[in-house]
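Q: give me a model of this one.
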Amino acid sequence: MAVWFNVSKSFFFGFIVALSSTAIVLKMLQEFALSDSPSGRISLTMSLVQDIATVVLMLLIPLLANKSDNSISYTLLLLLVKSVVVIIVVIIAAKYIIPKFLDEITRTRNRELFIISVVTLCLGVTLATYAIGLSIELGAFLAGIIISESEYSSQTISSFIPFRDLFTSFFFISIGMLLNPFLILQNAVYITGLSLGIIIIKFLIVIIAILVIGYPLKTAALSGLSLAQIGEFSFILVQIGMVYSLLTQGEYQMVLSVSMATMVLIPFLMKYSQVFVDAITKFPLPKIILYGFAHSQTQQEYDLIDHIIIVGYGINGRNVAAAAKSIKIPYIIVEMNPETVKKEKKEGENIIYGDASQEDLLHYLNISSARVLVIAIADRSAIKRIVVLARRINPHIHIIVRARFVGDMKELIELGANEVIPEEYETSIEIFARVLHYYGVPRSDIEAMIESIRAKGYAMLRKLHVDVYKDLPIAEIDMQAIRVCYN
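A: Numbers count the residues shown, from 1 in each chain. Below you'll find the predicted structure:
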């Protein structure tokens, strides 16, 4: 950017482009069931770190607006002094003043007074920071930090969720109202090219950063795509930049247009992220890029026979491994969290780092000679690929999958899974068993019902009706008072 703009403006544009939208990232992760996947955790963590970094960027913008060296030195010194003072005040307020203030308010047991007090507190902190020459946005952020440190933060969040949703809508509506549709139409090609360029650059930067810390290409690519948009905090930086004349009106409109374009494009591209990731992982790239350096450092070849392959080392994976170890069944664990792998290896666990949805890794684990494959991860798309690959490589392997929902069962069985155990199904069984136990139904009868339900499958569960006769005392309730009906 320094080719077209001066250094200060180049840095400012870098600030704007660097930030991603936590709201959009979180929404996409939930929509595409990636929240619990390695890529989802990385994306959300990086996005939250960017949000925190926004505070520093807001403090640096006035510094960029100064031209002379003397002015810059003075501004930097003043900025440091103000920052130290603000940090000290925030710590004191969060630890000693605000908790006592909110204690007194909550003793009144008046919900309206509590809400008004919190709003007044936020406005007061915001105006105080503005009065000493810092931005209003920074003041609002600091007010949130102060309240979050109190024991009433949960109550505050629950009280203000409707306001949050309302003002979020107003925020994006106001951004849309600032756009100039005629300018967008006149510069449609330029805006499109710039938007795609920013998406590609951010995508590549995130991929490189994640590959460097040891994750495989698939995880890096999914994270890179989800973070490739420009975030809503960038609009705050843009407004501050306008105050300090870092942007012209034309540049302001262009930044808004490009930012909104990336916000619209990324959710659309994420719908096809799996196809895209599958395509790039088929390129003849070095294994250290495809699988991450943690996998490439493992030189041992596994020649296990009739073993269990456990994909995922959460609670389910740990229990399966413990059971296999107790009766001396050979097993190998595949886990995508490098820290977990390092920790468990030190404790002597037979675990490796890797992505089990990659065919080379399954061959590496000698899946053709394995007897059982247990898939206990949350990434639905990865589960499907693992099932398909495992069934193709070893038609005789017994595949057991932990799924989240009953609705996933049919598709996974059609893909090749032998058994699918949905979490909500097993939870429902445990709940109704406890309900019947509370009503005095003998444990043997409850276990018989559970066994029958599991034997006859989910159709029975959906049609199960339990009628308890109200005219019988609880002590007299037995299995005659319970009818399992098939409609």
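Q: only C-alpha atoms for contact and neighbour calcs from this point on.
A: Will do.
Q: so what's Glu151 up against?
A: Residues near Glu151 by CA atoms under 8 Å, 6 or more residues apart in numbering: Pro99.
Q: could you do Ile175 as well?
A: Counting by CA under 8 Å, 6+ apart, Ile175 has contacts Leu256.
Q: ok, it to Pro330 distance?
A: Distance from Ile175 to Pro330, counting by CA to CA, to the nearest Å: 59 Å.
Q: how about Val84?
A: 58 Å.
Q: the two - which one has more neighbours?
A: Set Val84 next to Pro330 and count neighbours by other CA atoms under 10 Å: Pro330 wins out with 16 against 12.
Q: let me see the ranges of the strands in the stretch 201-350 of the chain.
A: Here the stretch 201-350 of the chain has its strands, by DSSP state E, counting those that start in this stretch, at 308-311, 331-335.
Q: report the rounded mean pLDDT for the longest one.
A: When the per-residue pLDDT values of strand 331-335 are averaged, the result is 92.
Q: one more: the first one?
A: For strand 308-311, mean pLDDT is 94.
Q: cool, stretch 237-251 as well?
A: Averaged across stretch 237-251, pLDDT comes to 86.
Q: show me what counts as buried in it.
A: Applying a neighbour-count criterion of 16 or more other CA atoms under 10 Å, one finds 237-238, 240-241, 246-247 buried in stretch 237-251.
Q: what do you get for stretch 90-99?
A: The neighbour-count check on stretch 90-99 (16+ other CA under 10 Å) flags 90, 93-94, 98-99 as buried.
Q: among the residues you listed, name the ones in helices.
A: 90, 98-99 (DSSP state H).
Q: nearest to Ser368 among those residues?
A: Val90 (60.6 Å; CA to CA).
Q: give me the neighbour count for the spatially closest residue to that closest one that is not a sequence neighbour.
A: Leaving aside its sequence neighbours, Val90 sits nearest to Ile146 (CA to CA, 6 or more residues apart in numbering; 6.5 Å). By the criterion of other CA under 10 Å, Ile146 has 23 neighbours.
Q: what about Ile146, which helix or strand?
A: For Ile146, the enclosing helix or strand under DSSP states H and E is helix 136-148.
Q: extract the CA atoms of stretch 367-374 and return them as CSV.
A: Extracted in CSV, the C-alpha atoms of stretch 367-374 (Å, rounded to 0.1, in the frame of the first residue of the first chain):
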residue,chain,number,x,y,z
ILE,A,367,-6.3,-49.8,8.8
SER,A,368,-6.5,-52.7,6.3
SER,A,369,-5.6,-55.0,9.2
ALA,A,370,-7.6,-53.2,11.9
ARG,A,371,-10.7,-54.9,13.3
VAL,A,372,-12.6,-51.9,14.8
LEU,A,373,-12.7,-48.1,14.0
VAL,A,374,-14.1,-45.9,16.7
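Q: show me the contacts for Leu361.
A: So Leu361 contacts 354-355 (CA under 8 Å, 6+ apart).
Q: ok, the closest residue to Thr54 other than its chain neighbours - contacts?
A: For Thr54, ignoring the flanking residues on the chain, the nearest one in space by CA to CA, 6+ apart is Phe233 at 7.1 Å. Residues near Phe233 by CA under 8 Å, 6+ apart: 19-21, 51, 54.
Q: ok, Phe114 touching Ile105?
A: Yes. Taking contacts as CA atoms under 8 Å, Phe114 lies within contact range of Ile105: 6.1 Å.
Q: could you report the neighbour count for Thr427?
A: Neighbour count for Thr427, taken as other CA under 10 Å: 11.
Q: burial of Val119, as a residue count?
A: Counted with other CA under 10 Å, Val119 comes out at 13.
Q: what does Ile88 give?
A: A count of neighbours around Ile88, defined by other CA under 10 Å, yields 12.
Q: now it: which helix or strand?
A: Judged by DSSP H and E, Ile88 forms part of helix 69-92.
Q: pLDDT averaged over that helix, what's the number?
A: Per-residue pLDDT values over helix 69-92 give a mean of 72.
Q: and stretch 174-187, by the same measure?
A: When pLDDT is averaged along stretch 174-187, the result is 83.
Q: so where is the stretch 351-487 of the chain shaky, pLDDT-wise?
A: Within the stretch 351-487 of the chain, the segments meeting pLDDT under 70 span 455-487.
Q: by how many degrees do the helix or strand harbouring Phe172 and helix 136-148 diverge?
A: Assigned by DSSP H and E, Phe172 belongs to helix 153-178. Here helix 153-178 points in a direction 160 degrees away from that of helix 136-148 (axes from the mean of the first three to the mean of the last three CA atoms, to 10 degrees).
Q: residues in contact with the closest residue to Tyr425 other than its chain neighbours?
A: In this structure, Tyr425 finds its nearest non-sequential neighbour in Val406, 6.5 Å apart by CA to CA, 6+ apart. Counting by CA under 8 Å, 6+ apart, Val406 touches 422-425.
Q: perfect, I'm done here.
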